[in-house]
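> The sequence isn't on hand, but the structure is:
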Ligand code: ADP
Ligand code: ZN
Ligand code: ZN
């Protein structure tokens, strides 16, 4: 054959696949195949794309087609299931296929040159022939053996592994109930079953946070010393990420442990998907392809006809609803796993009665002191970094607004800076008020740095450690900080949501929550759900260790860990549910509210956003989009400025679209987005399907 026409998906905003001509360099060169990577000329550049079709016809003038430069034959083609996953994501989230496929491949695969790719392949081949290193064996020998599952865990594992086909399992297990053991045993069972039949098996484990991977990675490696385990997340060095990705793609890695982006990794022998902390907001990608890794995980499992496990102590309202109507199977773990470990006692500190000029009320201070005296650890949770969220002049009313954003500049005292958390603008702290010259500027409100300062005054002998995005900027510093906590080198740990998630802190017996109330009155209808999950999660860090049974006649309550929440609204239903550890009650009430207010999951939404130097053109664009097409059955809201309207000098507006049927919404979006693209507006706009922040 003299030449063929191939279609290629490229990372381009044009929603099409591009035709190229393939001419073998020498007779007998194999034809290209679908899923192969190819280097092609594109404009004046040379770019890598994915072959999506191979044929002999083109809709274009074949004489004008350009030639493929090279095929990446050294890499196995991407499998059809991966291609289908990307096609689904492109369709559902209304993105060009190439803008789904290419960005999710590691950089080393998209390079013009194959140096990185060839080096990675060589390294992998070498590692495959080398004997497992002694260091690995030593680590494995050091690790504790798998504990015997309790009946609840065993029932969950049995249910998950009973069927080989698609099943969506919602593992609803209270904090500390040993969900990790369920994941590990289920993975083991699936891998053993497949191997017994001479088949390869791969398991994908998704975690919400990079900071949670090391602890889980340790457990997984310890449990599967003879299997290849790889991680995939954005903090890996390029070369490492490339090798890990290829190991997954070649089927060599039996277990892939990663953050949301790993849901798009190619895994030819995938047999089980696990989504840990499935409710976590970080499963939602907020730029580019705005996907939900959890939703894609469920789709992928269905497509492959394999089981998926969604685990959480506070499932998302969507997943809870699916479990309630039977689409998902609910598996409950109602008890903490470690011997005699119990859920912590939750107490509310009424801040109308308790004054706390420095943020810490007398009962919370007393509880901290008691822990210090007993040599136990405490955790303080304040979801606000910096020293104070704003600076203020009492004399003239000046306030530290960001000049580029509709937001305040946050005071960062150790760094002696005002920082905007939206546009990263930094200024030195002014010596005097910029308007009236008053030298006595005041911090308003408090962030983690300010509480840290106060703790050092209150407890000069205590070892206080703050963990937030500021204290962990350097690579590896978060890990070092968490290690110090695990080693018992910290008395009081203070932090933002970074400390709330997933960590299995063994020495912690007190959790204090500082001022969570603002979320109660947020405009965002999901704020309550998020706050409840966050509080349950952070509360769940306490009292996880096994403890001896109480002595005869002794008071078991003494051994119980405690959670203290400072609030001005102790009667609020959200806090009442928290006191009772009652997620089902909270979820049921939330679902009822959402239903009566016609909010998700009872309607389906999409959000069109527009950005411009001025607000009006952005609103005009959205208004025009609104009137672009007839939209029967679709509810179009009015275009409105976003809550934080200006960021880095750009005005932002949005148009919310709702529909009672997902299919009908999808049917509308496709031609609508195509029509929007046709307009070739110079405004920046984007569409988000199933938006989470509105
Ligand atoms: P979760 O993820 O559900 O919050 P973890 O998986 O972190 O809980 O488990 C909590 C603790 O219980 C861990 O320290 C774990 O080692 C321990 N654990 C889990 N299963 C068992 C078991 N069957 N017997 C004893 N301890 C267990
Ligand atoms: Zn002033
Ligand atoms: Zn700003």
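Nice, thanks for sending it over. Since the model is a prediction, treat every value here as computed from it, not as a measurement. Numbering: from 1, shown residues only. Ligands and ions are numbered 1, 2, ... in the order given.

> ok, which stretches of the stretch 351-500 of the chain are helices?
Along the stretch 351-500 of the chain, counting by DSSP state H, counting those that start in this stretch, helices occupy 362-374, 448-458, 477-486.

> let me redo that: the stretch 151-300 of the chain
So, for the stretch 151-300 of the chain - with DSSP H, counting those that start in this stretch - the helices run 151-162, 179-196, 213-223, 238-249, 293-304.

> Where among those helices is average confidence lowest?
Within the helices of the stretch 151-300 of the chain, the stretch with the lowest mean pLDDT is helix 213-223, showing a mean of 88.

> and the angle for that helix with helix 477-486?
For helix 213-223 against helix 477-486, the angle by axes from the mean of the first three to the mean of the last three CA atoms, to 10 degrees is 70 degrees.

> Residue 433 against residue 394, yeah?
No. With contact defined as CB atoms under 8 Å, residue 433 does not reach residue 394; the gap is 9.1 Å. Heads up, the C-betas are built off the backbone N, CA and C, glycines and all.

> thinking again about what came up before, adding mean neighbour count and mean pLDDT, write the helices of the stretch 351-500 of the chain out as CSV.
Output for those, formatted as CSV (neighbours: other CB atoms under 10 Å; pLDDT from 0 to 100):
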stretch, mean neighbour count, mean pLDDT
helix 362-374, 16, 96
helix 448-458, 19, 96
helix 477-486, 17, 92
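
> Return the residues of the stretch 201-350 of the chain in contact with ligand 1.
Counting by CB under 6 Å from any ligand atom, the stretch 201-350 of the chain comes close to ligand 1 at 337, 338.

> Kindly recompute the last result at 8 Å.
276, 311, 313, 333, 336, 337, 338, 339, 341 (CB under 8 Å from any ligand atom).

> Count the neighbours of the fifth one for me.
This points to residue 336. 23 (other CB atoms under 10 Å).

> hang on, it packs against residue 545?
No. With contacts counted by CB under 8 Å, residue 336 stays clear of residue 545, the gap being 9.8 Å.

> In strands, which of the residues of the stretch 201-350 of the chain next to ligand 1 fall?
Using DSSP state E, the members of those that fall in strands are 311, 333.

> Name the member of the residues of the stretch 201-350 of the chain next to ligand 1 with the most neighbours.
Most crowded among these, counting by other CB under 10 Å, is residue 311 at 25 neighbours.

> Report the beta-bridge partners for that one.
Beta bridges link residue 311 to residue 171, judged by DSSP bridges.

> Switch the helices of the stretch 151-300 of the chain over to JSON lines; also include mean neighbour count.
Below are the helices of the stretch 151-300 of the chain laid out as JSON lines (neighbours: other CB atoms under 10 Å):
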{"stretch": "helix 151-162", "mean neighbour count": "18"}
{"stretch": "helix 179-196", "mean neighbour count": "20"}
{"stretch": "helix 213-223", "mean neighbour count": "18"}
{"stretch": "helix 238-249", "mean neighbour count": "21"}
{"stretch": "helix 293-304", "mean neighbour count": "21"}
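
> Between those, which one is closest to ligand 3.
Between ligand 3 and these, the shortest separation by CB to the ion is 28.8 Å, and it involves helix 293-304.

> Check the separation of the first and last residues in stretch 636-644.
21 Å (CA to CA, to the nearest Å).

> That stretch and ligand 3, any residue contact?
No. Judged by CB under 5 Å from the ion, stretch 636-644 makes no contact with ligand 3; its nearest approach is 9.3 Å.

> start the count at 38, not 1, going forward
Noted, 38 is the first residue going forward, which turns the last one into stretch 673-681.

> And what about residue 165, helix, strand or coil?
With DSSP: H, G, I helix; E, B strand; the rest coil as the basis, residue 165 sits in helix.

> distance of it from residue 490?
53 Å (CB to CB, to the nearest Å).

> Repeat that for residue 649.
42 Å.

> just the helices in the stretch 588-731 of the chain please.
Using DSSP H, counting those that start in this stretch, the helices of the stretch 588-731 of the chain run over 610-616, 620-633, 652-663, 699-715.

> Roughly how far does residue 331 sit from ligand 2?
48 Å (CB to the ion, to the nearest Å).

> ok, that residue touching residue 312?
Yes. With contact defined as CB under 8 Å, residue 331 counts as touching residue 312 (5.3 Å).

> any common contacting residues for these two?
The contact sets of residue 331 and residue 312 overlap at 243, 320, 347 (CB atoms under 8 Å, 6 or more residues apart in numbering).

> picking that back up, quick one: which of the helices of the stretch 388-537 of the chain is nearest residue 206?
With CB to CB as the criterion, residue 206 lies closest to helix 514-523 of the helices of the stretch 388-537 of the chain, at 29.1 Å.

> one step back: show me which of residue 470 and residue 431 is the more surrounded one.
Taking other CB under 10 Å, residue 470 and residue 431 do not tie; residue 470 has more neighbours (19 against 11).

> Name the nearest residue to that one, ignoring sequence neighbours.
residue 430 (4.0 Å; CB to CB, 6 or more residues apart in numbering).

> Neighbours of the one you found, how many?
By other CB under 10 Å, neighbour count at residue 430 equals 21.

> what does residue 448 give?
Applying other CB under 10 Å, I find that residue 448 has 28 neighbouring residues.

> ok, it to residue 440 distance?
16 Å.

> what are the ranges of the strands in the stretch 88-237 of the chain?
Shown for the stretch 88-237 of the chain, the strands assigned by DSSP state E, counting those that start in this stretch span residues 107-108, 204-210.

> So which other helices or strands are in contact with the shortest one?
Under the contact criterion of 3 or more CB pairs under 8 Å, 6 or more residues apart in numbering; DSSP states H and E, strand 107-108 touches strand 74-79.
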